[in-house]
Structure formats: C-alpha cells, structure tokens
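# just to be clear, the model below is a prediction. Sequence and coordinates:
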Amino acid sequence: MPAPHPSQIGTLPFYLPFYLPFYLPFYLPFYLPSHLALAMPHLTVEYTANLTALDTPILLQRLNKALLASGQFEELDIKSRAVALDCFRVGNRDTGQAFVHAKLAILSGRSEEVKQQLSAALLTELQGLQWPAGLYVQLCVEIRDMHRPSYAKATVAT
C-alpha cells in the first residue's frame, strides 16, 4: 500500500477500522504521537574485560541521559545493559588493545538523520570518559532497526 498523501495524514480512511490489524504497522507512525510510535530503545554496551576501571553504572547513566536528551524516547522506555567480554581479540595482538561497542536497537521508522544524531550523541559520551593510559581503545556505535510489526512488548507490574 502506498504512503498516504500529506493531506490524508490525520484522517483515517473509512475502511481502516475493518482492516486495522493488517494495516496497523503501516499507519502507526502516521497516527500516533512520535514519542509513542517510535519509543523503545534497547542499548547494549559490550566492552573488553581488560577495561577494569570502567564504571559501568556511570557509563550507562551517561548514555541513557544522552538518549533522553535526544527527545526521541521517554525515560522509562530506555533499557540499557553492559556486558563484559572475557574472551576477545583485536587483530592478532594479545595485549594493549580494547574496545567498547554500543549497539542501539530502535523500532524502524526513524530517518537517517535521526539515527546519525543518536550515534553521534552516544559516541560523544563514550569519548568523554576517562580511558586507561597505555591501552589502545576503539569506541564504536551501531544503530539497528528492529522490525516494527514483529516487535512485541508487555509490562507486568507485581
């Protein structure tokens, strides 16, 4: 189905309620406020275990603040975790190498410009941290689109 004409945005076609389950993934970005239609980031930061001084709670706090400041996400939708990699290799060297790889998974639908802004904001935060002297540390950020129609989420309160 083609994208709606700009004059149609904000008005639902008369037949949509009958086919809503089928068309919902297509129409969702056009009819929900952007913070509802495009929420849900998952941030995974992998780092090499030889970065022993890395304060991961502070790292995640800084990265979460950067995501919140982007205006793309609500605070409680941001989910982040840090994973130390005990088994790793950078090139063929045994020592003196380390890396941090931040992977941000977001629902599909954002522009390339927004993805670049998110990537730049996360990389800036990583660069602002203190890194150990004598260690060559590579900092990487990757933005991944998650398939919107197949993503499922539930909140359980106990």
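Structure received.
# got the contact list for the residue most central in space within the chain?
Centroid-nearest residue in the chain: L104, 2.8 Å away (criterion: Cα atoms, centre = their mean). By Cβ atoms under 8 Å, 6 or more residues apart in numbering, the contact list for L104 reads 41-43, 67, 118-119, 122, 141-144. Every residue, glycine included, has its C-beta placed from N, CA and C.
# cool, and A102?
So A102 contacts 43-45, 63, 122-123, 126, 140-142 (Cβ under 8 Å, 6+ apart).
# make it 10 Å
A102 sits next to 43-47, 59, 63, 80, 82, 119, 122-123, 125-126, 139-143 when contact means Cβ atoms under 10 Å, 6 or more residues apart in numbering.
# so among those residues, which ones count as buried?
Buried members of the contacts of A102, scored by 16 or more other Cβ atoms under 10 Å, are 43-47, 59, 63, 80, 82, 119, 122, 125-126, 139, 141, 143.
# mind checking which of those are in helices?
Among these, the residues falling in helices (DSSP state H) are 59, 63, 119, 122, 125-126.
# for this protein, which segments count as helices?
16-31, 34-37, 56-69, 112-127.
# for the residue nearest to the centre of the chain, give its distance to P132.
Distance of L104 to P132, computed by Cβ to Cβ, to the nearest Å: 25 Å.
# quick check: bridge partners of R144?
R144 forms beta bridges with A105, as assigned by DSSP bridges.
# re earlier: and which of the contacts of L104 is nearest to A98?
V141 (15.8 Å; Cβ to Cβ).
# correct me if wrong: that closest one contacts F99.
No. When contacts are counted by Cβ atoms under 10 Å, V141 is not listed as touching F99 (11.6 Å).
# count the residues that sit near the nearest residue to H42 once chain neighbours are set aside.
Closest residue to H42 apart from its sequence neighbours, by Cβ to Cβ, 6 or more residues apart in numbering: A105 at 4.3 Å. Residue neighbour count, defined by other Cβ atoms under 10 Å, stands at 16 for A105.
# hmm, A105 is touching L67, no?
No. A105 is not in contact with L67 according to Cβ under 10 Å; the separation is 11.9 Å.
# name the residues contacting each of the two.
Counting by Cβ under 10 Å, 6+ apart, the common neighbours of A105 and L67 are 41, 43.
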